[in-house]
Structures are given as structure tokens and as C-alpha cells.
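# Following is a predicted model, sequence given first.
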Amino acid sequence: MDSKKLFNRFEDQSVFIKTVTRPPIDGTQKAALNRKGNVLYNAGDVEGARRIFLTTGYTDGLVRVGDYYKKQGRALDALRMYWIAPDRSKSAAIIEELSVIIRNLIHEEEDHPHE
């Protein structure tokens with residue numbers, strides 16, 4: 001089986017986890033930003049809240065965004081939030097689900113190779 005050929009089917013999709021170093025923020029700024037992120041999240045602006053929570057590293061906010069993504073069927077986005085949070089129990093559950101999918105894809109490729 002040619003694993004490179006198998007995974008090339010997914011190269012146009014942004015599926016890898018990217019992390020960045022957070023800028024330094026003092027405690028007062030961080031608290032204010034987290035409050036603003038919570039207000040945005042509660043108002044339904046999940047993406048605005050996500051940007052703030054990523055900037056501040058607010059664990060609970062990142063997990064809530066991950067939970068939202070998971071309910072929306074966006075497992076990879078949820079995994080990214082859980083991994084950054086870090087919430088290893090929630091990320092482990094998604095990793096297990098994804099590993100089952102990958103195993104099935106590999107078996108499917110072995111059974112019916114694409115030419």
C-alpha cells in the first residue's frame with residue numbers, strides 16, 4: 001500500500017493542528033479579554049471568542065469552543081481546541097474516533113486500491 005498516495009487525497013484540506021506562541025499579556029488585560037470572550041461566546045460569536053481565548057490561553061473558554069465545534073460535527077476543529085486547552089481526555093476521545101476512521105480508510109485502500 002502506498003500511504004503517500006492514500007493521504008494525498010486529503011492534501012487540499014486544512015486538517016493539521018497548528019499552534020503558536022501566545023503574546024505576553026498581564027493579568028489585568030487577560031481577565032478583561034477573557035470577560036470579553038465570554039460575552040462574545042454567550043452572544044453567539046464563537047469565532048470572535050475563539051480568537052480571544054487562543055490569545056489568552058483561557059482553558060475553559062477553549063474547551064467550550066471545542067464542545068461547540070464537536071456538536072457542529074467539526075471534530076478536527078474541536079480536537080485543536082481541546083489539544084491547546086489542554087484537555088487530554090476530550091482530545092483522546094476524538095483521536096480514538098479519528099484513528100478508527102483512518103484504519104478503515106487504510107483497509108479500504110488495501111481492499112480496493114485506487115489506480
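Great, that's in hand.

# Show me where this structure has its helices.
3-8, 27-42, 46-56, 59-71, 75-84, 88-111 (DSSP state H).

# out of these, deepest packed?
Neighbour counts (mean count of other CB atoms under 10 Å) averaged over each of those peak at helix 75-84, with a mean of 21. Every residue, glycine included, has its C-beta placed from N, CA and C.

# for this structure, which spans come out with low pLDDT?
Low-confidence segments of the chain (pLDDT under 70): 1-23, 114-115.

# Let's see that with 50 instead.
Low-confidence segments of the chain (pLDDT under 50): 1, 17.

# Just give me the residue closest to the centre of it.
residue 80 (2.1 Å; CA atoms, centre = their mean).

# list the contacts for the closest residue in space to residue 64 that isn't next to it in sequence?
Nearest in space to residue 64, with sequence neighbours left out and distances taken as CB to CB, 6 or more residues apart in numbering, is residue 41 at 6.4 Å. Taking CB atoms under 8 Å, 6 or more residues apart in numbering, we find residue 41 in contact with 49, 61, 64-65.

# Which two among the residues you listed are spaced furthest apart?
Largest separation among the contacts of residue 41 by CB to CB: 49 and 64, giving 8.1 Å.

# Might one say that residue 90 is in contact with residue 66?
Yes. Contact between residue 90 and residue 66 holds when scored by CB atoms under 8 Å: they sit 6.5 Å apart.

# which neighbours do those two share?
Common neighbours of residue 90 and residue 66 (criterion: CB under 8 Å, 6+ apart): 78, 82.

# thinking again about what came up before, what's the closest of the contacts of residue 41 to residue 25?
Distance to residue 25, by CB to CB, is smallest for residue 61 among the contacts of residue 41, at 13.9 Å.

# Touching, the closest one and residue 36? I think so.
No. Using CB under 8 Å, residue 61 is not in contact with residue 36, being 10.6 Å away.

# which residues are in contact with both of the two?
By the contact definition CB under 8 Å, 6+ apart, residue 61 and residue 36 are jointly contacted by residue 52.
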